[in-house]
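**Student:** Sequence and predicted model, in that order:
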Amino acid sequence: MNLSGCTALVTGGGTGIGLALAEALMAEGSQVLICGRREEPLAEAAARLPGLEYQVCDVSVAEDRDALHEWVRRAHPGLDVLINNAGIQRDVNLRRGLEDLEAGENEILINLEAAVYLTARFLPMLLKRDEAAVVNVTSGLAFVPLAAAPVYCATKAGLHSYTQSLRHQLQGTPVKVFELIPPAVDTGLDRGARERRGESHRGIPAVEVAKAALAGIKKDHFEIPVGRAVTLMQGLRSDPEGAFKAMNPD
Ligand SMILES: NC(=O)c1ccc[n+]([C@@H]2O[C@H](COP(=O)([O-])OP(=O)(O)OC[C@H]3O[C@@H](n4cnc5c(N)ncnc54)[C@H](OP(=O)(O)O)[C@@H]3O)[C@@H](O)[C@H]2O)c1
């Protein structure tokens, strides 16, 4: 897919992988729109990257999704690329029942439901283009779960499955469907939990993920696993039990 001169919306584009994707797309000459819940990182990014536009939006709230769609429809009706990148990750102790589950934000609404509904909302606009794309950001953990983050992994596995079906249903239309599958990346995602687990390696830089993403999209590689995510995908296919044990030692 040709990315130069396209218009792209990156959810969660104010920080981390989303911001790296936004910068990489702008370097290709694309118009980039980002959204997130906190205005500060969005405004900081827009101040640093002239031309970048943003909207405050909680993608897990239907009214916010509607407002985001209305903003794009009015200001940028030629949207070509939707990148469902916004996400959160939490450690959840399932033995604590509802207590732990309800103690933080809802990963199912943010990581899975929002991507499904935003895609449905923007698809009519994308289908009008000569060439367009939906890019869903999953994770290597979609393929081999990390038991400490059970809901996160389930949402990413769900998003992987949904992405496959979406790609199949959109065959023969102008809309290409990509899945970006990052490994551990050095961002603010789940930093507290990683520290609690004593993980010293913070992962690869977000710019490496963005570079791999754009290279894959340009070559129409519809599944784009990056770094260790390649091993996790292969592990699921060749030795699922061994891969699970390696990820979750006793
Ligand atoms: N870092 C990793 O190791 C890793 C590995 C595999 C996959 N991923 C995936 O990559 C994506 C980006 O994560 P990241 O690592 O770049 O972490 P990040 O820096 O924390 O980025 C997540 C972004 O999503 C936004 N966001 C979260 N909830 C939102 C909501 N309800 N509505 C709108 N925006 C929301 C956040 O902004 P606000 O808080 O201001 O809303 C933030 O800008 C996620 O889907 C994540 O699951 C990350």
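**Tutor:** Thanks, I have the structure now. These numbers come from a predicted model, not from an experiment.

**Student:** if I pick A148, what's in contact with it?
**Tutor:** Residues near A148 by Cβ atoms under 8 Å, 6 or more residues apart in numbering: 91-92, 193, 197, 248. No exception for glycine: its C-beta is placed from N, CA and C like everyone else's.

**Student:** Please, which helix or strand holds it?
**Tutor:** Using DSSP states H and E, A148 sits in no helix or strand.

**Student:** do the one 3 residues further on as well
**Tutor:** V151 is part of helix 150-169, with elements assigned from DSSP H and E.

**Student:** right, and the helix or strand after the helix or strand bottoming out on mean pLDDT in the chain?
**Tutor:** For the chain, using mean pLDDT, DSSP states H and E, the weakest element among its helices and strands is helix 191-196, scoring a mean of 73. Next along the chain after helix 191-196, taking DSSP H and E as the criterion, comes helix 206-218.

**Student:** got a list of contacts for the helix holding V151?
**Tutor:** Here helix 150-169 has contacts from 84, 87-90, 92, 94, 101, 107-108, 111-112, 115-116, 119, 134, 136, 138-139, 141-143, 145-146, 176-177, 179, 181, 190, 222, using Cβ under 8 Å, 6+ apart.

**Student:** Whichever of those residues end up buried, select them in PyMOL.
**Tutor:** Entered in PyMOL, the line below selects the buried ones among the contacts of helix 150-169, by 16 or more other Cβ atoms under 10 Å:
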select buried, resi 84+87+88+89+90+92+101+107+111+112+115+119+134+136+138+139+141+142+143+145+146+176+177+179+181+190+222
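
**Student:** show me which of the contacts of helix 150-169 neighbour the ligand.
**Tutor:** 87-89, 139 (Cβ under 6 Å from any ligand atom).

**Student:** taking those residues one by one, which sit in helices?
**Tutor:** With helices defined by DSSP state H, no entry of these lies inside them.

**Student:** Alongside the ligand, which residues does this protein contribute?
**Tutor:** Checking the chain against the ligand by Cβ under 6 Å from any ligand atom, the hits are 11-12, 14-18, 35-38, 41, 57-60, 85-89, 110, 137, 139, 182, 184-185, 187-189, 203.
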